[in-house]
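1. Based on what follows, work out the 3D shape:
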Amino acid sequence: MRYILGFLCLCSFMKSFAQNNTIPFIETTITIDGQFDEAVWQQVSEHTGFYNYLPTDIGLAKNQTSVKLFHNGEYLYVRAIYNDTTTETRVNTLKRDVSIAFSDAFIMVLDTQNQEQNGYLFAINSLGNQTDGLIGRVNSGYNLNFSWNAIWESKAVLNENKKQYELAIPLKALNFNKQNPVFGVQFYVRDIKNNSWTILKNVKRNYANLDLRFTEKFTVENLPDITTSRFVLTPSITTNYQENVATKNNETSFTPSIDLQYNVTSSLKLDATINPDFSQIDVDQQVTNLTRFAIFFPERRNFFLENADLFSNLGVDGVNPFYSRRIGAESDIQFGLKLSGNIAPKTRIGVLNVQTDQENDIASQNFTALVGEQQLSKNFTATGYLINRQQTDQFEFINDYNRVTGINLNYKSDNNKWIGIANVGKSFNDEFNDKNNFYNLGIWYNQRGLEWNAGIKKVEKNYLTDVGFTPRLFNYDAINDVVVREGYTQANAGLEYEKFYENSTSLNSIRYLNYSNNTYFDETGNFSQSSHFLNSAIFFKDLSAVYYVLFYDDIDLKYGFDPLGNGNSLLPDRYRFGLLKVGYNSANNQRFRYRVNVQKGTYYSGKRTTAGAYLNYQLLPFANLELTYDVNHINLNELGEETFHLARFTSEIFFSNRLNWTTYIQYNTQQDNFNINSRLQWEYKPLSYIYFVISDNFTQNLARKDWGMAFKMNYRFDF
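-> This next block holds a predicted model:
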């Protein structure tokens, strides 16, 4: 009996200890060398007992990780040891801010406001390469943006079977509040050699491993009232030479710019930019677009990234009132100001103002966004916003404007199985004052093996968002060469069922059913389109997979559509067509990875045959080679026949963690473009870069259209 009581007392103590995680304050500094020989590491509590996440999410991990952490009021220090079974290690890149999914790595997620709305990711692979990014809430889940950067120290050491990681993250880079001293923290480890993910807080595989709802709660001792003033100044210069071969015109430009960030408080950031150069050093990935609507591309520009989820998460998929890539797309930006972050533990604000210049026939514009987010309770969060685009003449506003306002309500259940969202929006402009509303209701259910969702949205024809992304409102009539704006109602539903085979020697899981449907109705309530998606897949133990996808569309086409781009348009009519896709994905922990698929079926009044391949070969740590190729053959009978080729070759050569040479070669016959973009990038000081870029554009028949060279240099002063 005495032993039983002792055991129960021990269990009670262990449970109490596990529920009182702390990040202690210790007034000391350490050297970030991955050796852990400072005495402070002996007095800090250990966090271990990592769980399996993939390829199985059952039980404790065989290869365990030990993590210790503390802060000194200026830095958050982290020590991690992964107990591997081999001295071997593998990584896929030495370039900063690249996904660690294909490298041995240690990853930390921080929700410093403990609101489960936004957070930070810091990762280091086993050869010391850093990745950091922002995690943001989007409807039913979270996304990750690698474009955000901070200066932090890290070191990875290979110590026989141990992979040792040491990190020092400056608190001034984080958004926190002394009145809310609880951080949500998650650690996970990627071992690409055995294709495993292991994680500190037990999370089932039906949730993303960066899901902020599943972080472990750590109380931070003695958080400072405000961090050491963070004043970041980044001046840059860009010299650009462009030559148009057809017109024989050339232009050389020299653009100086300044970006600034200042910590108003430890949780409120002020960003400013003057005469910014927002030219893309990275190029957008080209796509073949066989739909009737525009395609979304992500934001990469630094000024818009801090607290970006506040501004970008104001709508839903396909209806977003704020799309920052609209700003500066037609004319240069003169200046921009942004204030964003928490003004109270449960209250977050975003204020943005950007002024663009007049260029030829493009008038100068002022763009303003005001966003307020309030956590009403543990389950409900409300967001209100106002977005304004207004023409200007020097410092005077002209009566040419577009304004959008709305309220969003997000719900999440205590058991994390239910998520709901409700949106109401309205636009105002100088031409229309009716039929200018947007409504949306959505619900998601998620448990291990079973997911479903349903939603309905209504977008009226005059819900105009000049700074937004609402592609389906705008219908291009290829016969009359006009754009027709038309409101619509969309109903959507989805269901997925997957079974896991933990005891099988060959199978990991089978996705028996993955079905979704989107049905659209026009303003009068008449049927417009119904799109069906049906998929099943078999995942083997090494996570390779074989699958099929069935697409089926029923479209009442109201306007002429020219998918081949040859001037022969499909006439308005009712079209029903489908496509069967079959594919295979290899295991992703091999040096040579590949994916292949073939598709065959009908397309409007004709037939379509498609094939695609993705090949990746890793000569690491020296180089990474990647090739994607898609071919679409479409035969519309008397309207014509066309084959669209889309190829992209990427070569990354790593001279060190800070010096790399990347070349993109893209071939897109739909856009009649063959593009070569070659970039040498040197990070000569943390987050201070020199770029040298050569870009060349040809027609698909290899006739040169234009070419150019660019040199860009920035220097980051971090006070």
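
2. how far away is Asn143 from Gly119?
-> Separation of Asn143 from Gly119 (Cβ to Cβ, to the nearest Å) stands at 12 Å. (Glycine included, C-beta is placed from N, CA and C.)

3. Overlap of the contact sets of those two?
-> When contacts are counted by Cβ atoms under 8 Å, 6 or more residues apart in numbering, Asn143 and Gly119 have Ile135 as shared neighbours.

4. Which one's more surrounded, those two?
-> Gly119 (29 against 18; other Cβ atoms under 10 Å).

5. My understanding was that the more buried one contacts Leu212; is that so?
-> Yes - shown here, Gly119 and Leu212 form a contact pair, counting by Cβ atoms under 8 Å, at 5.4 Å.

6. which residues do those two both contact?
-> Each of Val109, Asp111, Ile135, Gly184 lies in contact with both Gly119 and Leu212 under the rule Cβ under 8 Å, 6+ apart.

7. I'd guessed Asn177 sits against Thr347; true?
-> No - proximity of Asn177 to Thr347 does not meet the contact threshold set by Cβ under 8 Å, at 10.2 Å.

8. Compare neighbour counts for those two and give me the winner.
-> Set side by side, Asn177 and Thr347 show unequal neighbour counts under other Cβ under 10 Å, the larger going to Asn177 at 21 against 12.

9. Tell me the spacing between the more buried one and Glu74.
-> Summarising the geometry, the distance separating Asn177 from Glu74, computed by Cβ to Cβ, is 17 Å.

10. and Asn518, how many residues sit next to it?
-> Counted with other Cβ under 10 Å, the burial measure for Asn518 works out to 17 neighbours.

11. which parts of the helix or strand containing it are buried?
-> Here Asn518 is covered by strand 507-522, with elements defined by DSSP states H and E. By neighbour count, and taking 16 or more other Cβ atoms under 10 Å as the criterion, the buried residues in strand 507-522 are Asn508, Ser509, Ile510, Arg511, Asn514, Tyr515, Ser516, Asn518, Thr519, Tyr520, Phe521, Asp522.

12. Run through the stretch 101-250 of the chain and note the low-pLDDT ranges.
-> Applying pLDDT under 70 to the stretch 101-250 of the chain picks out residues 226-229.

13. And the strands in it, which stretches?
-> Secondary structure of the stretch 101-250 of the chain by DSSP state E, counting those that start in this stretch: the strands cover 105-111, 118-125, 130-138, 141-145, 153-159, 162-170, 182-191, 196-199, 216-220, 231-244, 249-265.

14. ditto for the stretch 501-650 of the chain
-> Counting by DSSP E, counting those that start in this stretch, the stretch 501-650 of the chain forms strands over residues 507-522, 527-540, 545-557, 573-585, 592-603, 606-619, 623-635, 641-654, given from the N-terminal end onward.

15. The first one pairs with which strands, and in what direction?
-> Looking back up the chat, that one is strand 507-522. When pairs are called by DSSP bridges, strand 507-522 turns out to pair with strand 488-500 (antiparallel), strand 527-540 (antiparallel).
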